[in-house]
Structure formats: C-alpha cells, structure tokens
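# Kindly return the folded structure for what I paste below:
(one chain, ligands or ions: 1)
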Amino acid sequence: MKIESDFLVIGSGIGGLSCALHLAKQGNVSLVTKKEKADSNTNYAQGGIAAVLSETDTFEQHIKDTLEAGAGLCHRDAVEKIVREGPQHIHHLEEIGVNFTKKKTGVYDLAREGGHKAYRIVHVKDHTGRDLEKALLNAVKAESRIKVYENHIAIDLITEHHIFEPQPRDQASLHCWGAYVLDSKAEVVVRFLAKATILSTGGCGQVYLHTTNPDIASGDGIAMSYRAGARIANMEFMQFHPTTLYHPDANSFLISEAVRGYGARLLTRSGEEFMQGYHPMASLAPRDVVARAIDNELKKRGDSCVYLDISFKDPESVRSRFPNIYENCLKYKIDITKEPIPVVPAAHYSCGGVRTGLDSATSISGLLACGEVACTGVHGANRLASNSLLEAVVFAREAATKAVELLRTNVQIPNIPPWDDTGTFNSEEWVLISHDKKEIQTLMSDYVGIVRSNLRLERALSRMRLIGQEIENFYKRTKVTEELVELRNLATIAQLIISCALLRKESRGLHFTTDYQKPNDDKFLKDTSIQKSAI
Ligand code: SIN
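Residues are numbered from 1 along each chain as shown. The predicted model follows:
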C-alpha cells in the first residue's frame with residue numbers, strides 16, 4: 001500500500017501539530033502518530049512556556065539565563081531566535097484557544113523555574129501541555145488538508161538506501177522521500193511518500209528505567225535518522241528532572257519545577273535544607289546542578305529519596321495553583337499541603353538529537369526536524385526549564401517554511417519498492433522483547449545515569465553492542481511489530497548516548513564523569529557529532 005502527499009509529519013506533539021497547521025496552508029499533509037493522537041511528551045508537560053512577557057524582564061536576560069544553563073554549548077543564534085520570537089508564538093497559541101492562567105488584574109500569572117532570573121513561565125495551572133495539545137488537536141481537526149493516521153509507527157525513513165539500484169553516494173547528497181510506516185491495527189507496512197518529511201517524534205526517556213516520559217518516548221526519530229545517515233549531536237546530554245514522585249506505583253510522576261519556583265524547599269530525610277551548599281540559587285539552581293546534588297545527598301546518606309516541602313504555604317493557593325500535582329499525590333496518600341513530597345530524579349529530556357540548522361533542516365535533503373527530536377543548538381549542555389515548548393513552536397514554523405520551499409522546487413520522488421518481508425516469520429518469542437527492553441533500561445540507569453565514569457561507559461558500550469546485534473538479528477527474521485520497532489530504536493539510542501558520552505572527556509552541563517571532573521574548554525567547547533557511514 002502507498003500513500004502520497006505533499007508533506008509527511010511524523011509525531012503529534014506540539015512540534016508536529018504546529019508544523020502540520022502551517023503546512024496545511026500550502027499543501028496536503030499526512031500526519032502519522034504511533035498511538036492515539038494526544039499521546040505525546042507535550043501532553044505531560046506541567047510547567048509551561050518560557051517567554052519574555054513582563055515589563056520587568058528582558059530578552060537579554062532570558063538569553064543570558066539560557067546560555068548560562070547551557071554551559072557554553074548553546075548556539076547563540078538559535079537562542080536569540082526562540083527568545084525574541086517567543087511572545088508572538090504565545091499570542092498565536094492564545095489565538096488557537098490556549099487559555100493561559102492570568103491574575104485577577106488580567107496580566108499573565110508568570111512562574112519561575114530553575115535557572116531563570118525572572119518570572120517568565122506562562123502556564124495553564126499545572127497542566128499546560130494537556131491544554132496545548134487539546135487546542136492544537138482541535139485546530140488540526142478543523143483543517144481538511146491534514147489527514148491524521150493514528151496507531152501508525154514509522155519504521156525507517158525512505159532514502160537512497162531503498163531504491164532498487166542504489167548509486168554510490170556520500171552523506172552530503174542523501175534525500176528523504178517519506179517513511180515505511182507500520183499500521184499496527186491492520187498489521188501492514190505502508191509506504192508514506194512525500195516531498196518533505198518532518199520529524200517531530202519527541203524524546204527517548206524510555207531508554208532509562210525511571211523517566212517522566214510516556215511509553216511512546218523511544219527515540220524513534222533520532223534512531224531512524226541515524227540509520228538513514230543523518231548527523232546526530234550531543235546525545236550525552238540527557239536531562240534528569242530533579243523532582244519526580246518517589247512511590248513504587250507512581251511511574252516517576254513529575255513534580256514540576258514550578259513548585260520550587262513557588263517557594264518549595266528541598267530537604268533531606270532529617271529535614272535539613274541542602275541546596276545552599278551547592279549553588280547560590282539554592283533550590284532554584286539549574287537542573288543539572290540540582291539533580292547532581294540530590295544524587296550526591298542520596299549516595300552520601302544512603303537514603304532512597306529527598307523531600308520537597310511546600311506544606312508551609314497557604315493550602316488553598318497550593319491546591320489552586322497545582323491541582324494536577326495535588327490530586328495525583330493524594331492518590332498515593334500524600335497531601336502536599338500538609339507534608340513534604342518524597343522525590344527522586346528521573347530521565348526527562350534529551351538535549352541532543354538530530355542536528356538541525358536555523359531552518360530546521362537536517363543533513364539529509366527533504367528531512368526536517370523540530371521539537372525534542374532535534375538538536376537545534378538552543379539547549380547546549382543543559383536545557384533551561386520550559387524552553388522546550390517554545391523551541392518546538394518556533395522551529396515548527398521554520399520546518400514548515402523550509403518544507404514549502406522544497407515543495408516549490410518540484411522534488412521528483414523516485415520509484416520506491418514496497419516493504420519486503422519475505423523470509424520473516426511471526427515470532428512466539430515476545431519475552432525476548434520485554435527482557436531486552438528491561439536489560440537496556442537497567443544498564444543505562446546503572447552505568448550511564450547522572451554520574452558516569454570511563455569504566456562504566458566502556459562496559460555499557462560493549463554490553464549494548466551485543467544486545468543491539470541480537471536485536472538486529474531478531475528484527476531481520478521477524479514480522480515487524482510496534483514493540484519490536486521501539487526496541488530496535490531504544491538499542492540504537494542507548495549506543496548513541498554511550499558513544500557520545502565516551503567522546504566527551506570532560507564534565508560539562510548534564511554530562512558528569514568522575515574521570516574528568518572539570519570542563520575542558522580548550523578541547524571540548526563544541527558539540528559532539530556522530531554520523532553513520534553512508535550507503
Ligand atoms: C517542569 O514542570 O518542571 C517541567 C518543565 C520542563 O521540563 O521544562
């Protein structure tokens with residue numbers, strides 16, 4: 001089966017939906033999403049969107065805070081772009097129906113989060129992502145030129161690799177003409193062909209045992225792009241959110257940094273504040289500092305969690321500002337207005353991804369990327385809180401502009417063969433998939449977490465190469481399923497994170513190694529870049 005459209009968008013988070021809305025003005029759009037359309041990292045975002053919207057804040061300060069958090073690796077031009085364009089995108093989101101929380105006086109109720117020196121986070125209480133997703137989905141529903149395909153997971157990007165008689169080419173002249181996509185319900189692989197393909201598949205938190213990300217976050221876009229030969233950057237910078245609920249059944253439920261912005265204090269089990277000893281901004285220090293401090297306190301004291309205390313604030317205002325967190329904690333019998341919340345860090349956001357330029361273009365012609373899947377240069381070695389939704393909307397618009405430009409160049413799609421699964425069989429061995437997934441997650445959490453070392457990284461890489469090879473062999477023999485596609489992608493992601501971490505022989509931002517505990521500007525004040533050899 002073959003579906004052809006002007007544009008193919010893969011992923012239905014804020015980046016994919018925003019981009020599709022821009023594209024629909026110029027052509028028809030196929031939007032594929034691997035579960036239900038609202039299932040995305042965006043949906044889980046609590047904090048909000050950073051933007052300069054108050055008279056006491058400035059673009060220069062937001063740029064400075066972002067650059068400082070990014071520990072020398074942010075691309076200034078990309079940072080300036082998102083910061084300066086921020087307010088217009090917030091107003092655009094309001095136009096499509098997002099009701100950001102306002103004070104009684106009618107001004108935005110701006111919050112503060114770690115690393116921000118001003119109040120600048122617009123939010124919808126503590127469920128910003130959910131409301132954004134809802135408004136964008138409503139707008140997409142009203143667009144007749146966007147066709148959404150739910151329960152469709154992309155397996156691989158279609159490039160020169162798939163043409164009947166491949167010509168020898170170098171990486172600089174690869175093209176993308178769409179993707180092979182599994183319709184999980186019908187169990188068939190469809191060729192989705194397009195003049196431009198936009199990846200907005202989100203992050204890869206599922207490569208770790210404990211993550212704030214939903215099950216869908218298996219790094220599909222990054223893994224597919226790597227296999228296709230695209231340039232990938234900075235995968236060593238996995239951000240661990242300092243505060244997720246510590247409870248066996250809570251699935252690393254996020255306790256937004258906005259809670260600390262609201263005055264909450266981090267405490268040890270015996271009730272002592274400890275962040276003052278680590279950073280002048282104490283509990284509101286950038287995330288890498290806070291997550292590492294918590295990790296250190298836990299190891300030093302042999303405790304399983306630290307505590308976040310907001311119980312000294314007026315209960316009614318806490319309930320009204322954080323209804324989602326209040327209700328969720330109550331489910332686990334924790335009343336946040338009366339007692340401190342047990343918290344631990346968990347994998348949260350990938351600052352690395354598919355290398356893109358200011359126009360959202362990747363190193364493969366016809367392939368664009370926006371949102372967490374992309375490494376735009378905004379986040380450097382550590383993302384400043386609440387900059388990601390902003391980055392997604394800004395670069396979604398750029399991706400759409402570039403895709404329309406491609407459409408006008410009259411791209412010719414060559415003859416693409418149908419999916420070939422001859423010689424594969426329906427496996428009965430699905431236990432291999434669940435086992436391998438656990439093994440990858442455990443290995444990554446134990447060896448490639450907040451604190452790393454050469455020994456752990458080298459051991460992790462040799463184990464992962466073996467697991468990756470076994471998965472690839474199984475994949476080649478087996479009829480493809482959603483779980484197998486995700487497992488294969490997780491194996492690629494794990495190897496990318498470890499390989500990038502091994503290349504960075506210093507500590508910077510989110511990458512901390514006991515073997516090189518300081519930054520080394522002479523050698524490493526640059527992005528880590530990794531690329532598979534061309535066909
Ligand atoms: C949070 O609410 O703490 C998460 C926001 C973000 O990751 O930027």
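
# Residue of the stretch 401-535 of the chain nearest the ligand, please.
Closest residue of the stretch 401-535 of the chain to the ligand, C-beta to the nearest ligand atom: residue 510 (12.9 Å). In short, each C-beta sits where N, CA and C put it, glycine included.

# Same question for the chain.
residue 47 (2.7 Å).

# Read off the pLDDT value for that residue.
Per-residue confidence at residue 47 stands at 84 (pLDDT).

# Equivalent analysis for residue 114, please.
pLDDT, residue 114: 91.

# Would you agree the residue of the stretch 401-535 of the chain closest to the ligand is in contact with residue 288?
Yes - counting by C-beta atoms under 8 Å, residue 288 is a contact partner of residue 510 at 4.8 Å.

# which neighbours do those two share?
Any residue near both residue 510 and residue 288 by C-beta atoms under 8 Å, 6 or more residues apart in numbering counts here, and that gives 239, 381-382.

# how far away is the residue of the stretch 401-535 of the chain closest to the ligand from residue 64?
To residue 64, residue 510 is 19 Å away according to C-beta to C-beta, to the nearest Å.

# So for these two, which sits in the more crowded spot?
residue 510 (27 against 14; other C-beta atoms under 10 Å).

# show me what contacts that one?
Contacts of residue 510 by C-beta under 8 Å, 6+ apart are 236-240, 287-288, 351, 381-382.

# Residue 103 too?
Applying C-beta under 8 Å, 6+ apart to residue 103 gives the contacts residue 109.

# for it, phi and psi?
Phi and psi for residue 103, reported as degrees, to the nearest 10, are phi -80, psi 170.

# what's the answer for residue 362, then?
Main-chain torsions, residue 362, degrees, to the nearest 10: phi -90, psi -170.

# With residue 211 instead?
Here is the backbone geometry of residue 211 (degrees, to the nearest 10): phi -150, psi 150.

# Skipping adjacent residues, who's closest to it in space?
Spatial nearest neighbour of residue 211, excluding adjacent residues (C-beta to C-beta, 6 or more residues apart in numbering): residue 205 at 3.4 Å.

# again with residue 36
Using C-beta to C-beta, 6+ apart, the closest residue to residue 36 is residue 150 (5.7 Å).

# Helices of the stretch 301-450 of the chain, start to end?
315-321, 323-331, 388-408, 431-447 (DSSP state H, counting those that start in this stretch).

# Pipe those helices into CSV and attach distance to the ligand per row.
Shown next, in CSV, are the helices of the stretch 301-450 of the chain (distance: least, C-beta to the nearest ligand atom, whole Å):
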stretch, distance to the ligand
helix 315-321, 12
helix 323-331, 9
helix 388-408, 5
helix 431-447, 19
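
# mind checking how far residue 133 is from residue 150?
14 Å.

# Residue 396 too?
Distance from residue 396 to residue 150, by C-beta to C-beta: 20 Å.

# So which bits of the protein are right by the ligand?
45-47, 256-258, 349, 385-386, 388 (C-beta under 6 Å from any ligand atom).

# 8 Å - rerun?
45-48, 50, 113-114, 126, 212, 239, 241, 243, 254-259, 348-349, 383, 385-389 (C-beta under 8 Å from any ligand atom).

# Mind checking which of those residues are buried?
45-48, 50, 113-114, 126, 212, 239, 241, 243, 254-259, 348-349, 383, 385-389 (16 or more other C-beta atoms under 10 Å).

# Show me those that map onto strands.
Members of those lying in strands (criterion: DSSP state E): 50, 239, 241, 243, 348-349.

# Tell me the strands beside the longest strand seen in the chain, with direction?
Across the chain, the longest stretch assigned as strand under DSSP E is strand 188-199. Partners of strand 188-199 in the sheet, by DSSP bridges, are strand 2-10 (parallel), strand 178-183 (antiparallel), strand 367-369 (parallel).

# On the pLDDT front, check the closest residue to residue 305 other than its chain neighbours for me.
Spatial nearest neighbour of residue 305, chain neighbours left out: residue 246 (3.8 Å); criterion: C-beta to C-beta, 6+ apart. On pLDDT, residue 246 comes in at 96.

# Kindly report the same for residue 171.
pLDDT, residue 171: 69.

# can you give me the helices in the stretch 101-250 of the chain?
Secondary structure of the stretch 101-250 of the chain (DSSP H, counting those that start in this stretch): helices located at 128-141, 220-228.
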